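A.B. asks: here are the coordinates; sequence isn't available:
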């Protein structure tokens, strides 16, 4: 879930850019009498969407600050694109690409893990991750394809 939310980062930046371009100034008219009925509030709705996009973008950027600058773009790239060279069964990890050759793959993995854990902490999911790690031995089988556990699976 965390990786999927992080992978939305480029999309969220583009959505924010499009939303900001779509904002028009208010019309220049004056009503003589106030409306008696409830009307839609498109400006407020748009402002809430913009605020949500800005929050999502800043959460990823704040988590990136927790790792050294020289690893940030590589870790973000690897996280967003899931570290695979090709969606249709490409072999190898993106860590083997020349762009990542200045550090050992284990170094990249360490910083990616720290980035994801920092992101989890920022969005309030780190406690859940710690709980999952604590009770991992008690789980006898993985969840089914829909993510559900059978009732007798957890001790």
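C.D. replies: Noted; the coordinates are in hand. All figures in this text were calculated on a predicted structure; none of them were measured in a lab.
A.B. asks: Buried by neighbour count: which residues of the longest helix anywhere in the chain qualify?
C.D. replies: Longest helix in the chain by number of residues (criterion: DSSP state H): helix 42-64. Residues 50, 53, 56-57, 59-60, 63-64 are the ones in helix 42-64 that count as buried (16 or more other CB atoms under 10 Å). Using the backbone N, CA and C atoms, a C-beta is placed for each residue, glycine as well.
A.B. asks: for the residues you listed, which one is nearest residue 124?
C.D. replies: The shortest distance between residue 124 and any of the buried residues of helix 42-64, using CB to CB, involves residue 59 and amounts to 10.2 Å.
A.B. asks: Contact partners for the closest one?
C.D. replies: With contacts taken as CB atoms under 8 Å, 6 or more residues apart in numbering, residue 59 has the following neighbours: 119, 122-123.
A.B. asks: By neighbours, which of these wins?
C.D. replies: Among the contacts of residue 59, residue 119 has the most neighbours (other CB atoms under 10 Å), with 22 neighbours.
A.B. asks: In terms of pLDDT, where does it sit?
C.D. replies: Residue 119 carries a pLDDT score of 96 in this model.
A.B. asks: Which helix or strand contains it?
C.D. replies: Taking DSSP states H and E as the definition, one finds residue 119 inside helix 105-123.
A.B. asks: What helices and strands are in contact with that helix?
C.D. replies: Other elements packing on helix 105-123 under the criterion 3 or more CB pairs under 8 Å, 6 or more residues apart in numbering; DSSP states H and E are helix 2-7, helix 42-64, helix 69-80, helix 126-135.
A.B. asks: Could you export these to CSV, including columns for mean pLDDT and distance to residue 104?
C.D. replies: CSV is the format used below for these (pLDDT from 0 to 100; distance: least, CB to CB, whole Å):
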stretch, mean pLDDT, distance to residue 104
helix 2-7, 90, 22
helix 42-64, 91, 20
helix 69-80, 91, 12
helix 126-135, 85, 25
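A.B. asks: Measure how buried the closest residue to residue 120 other than its chain neighbours is and give me the count.
C.D. replies: When the adjacent residues along the chain are set aside, residue 120 lies closest to residue 126, with 4.5 Å between them (CB to CB, 6 or more residues apart in numbering). Counted with other CB under 10 Å, residues neighbouring residue 126 total 15.
A.B. asks: Thanks again, I'm all set now.
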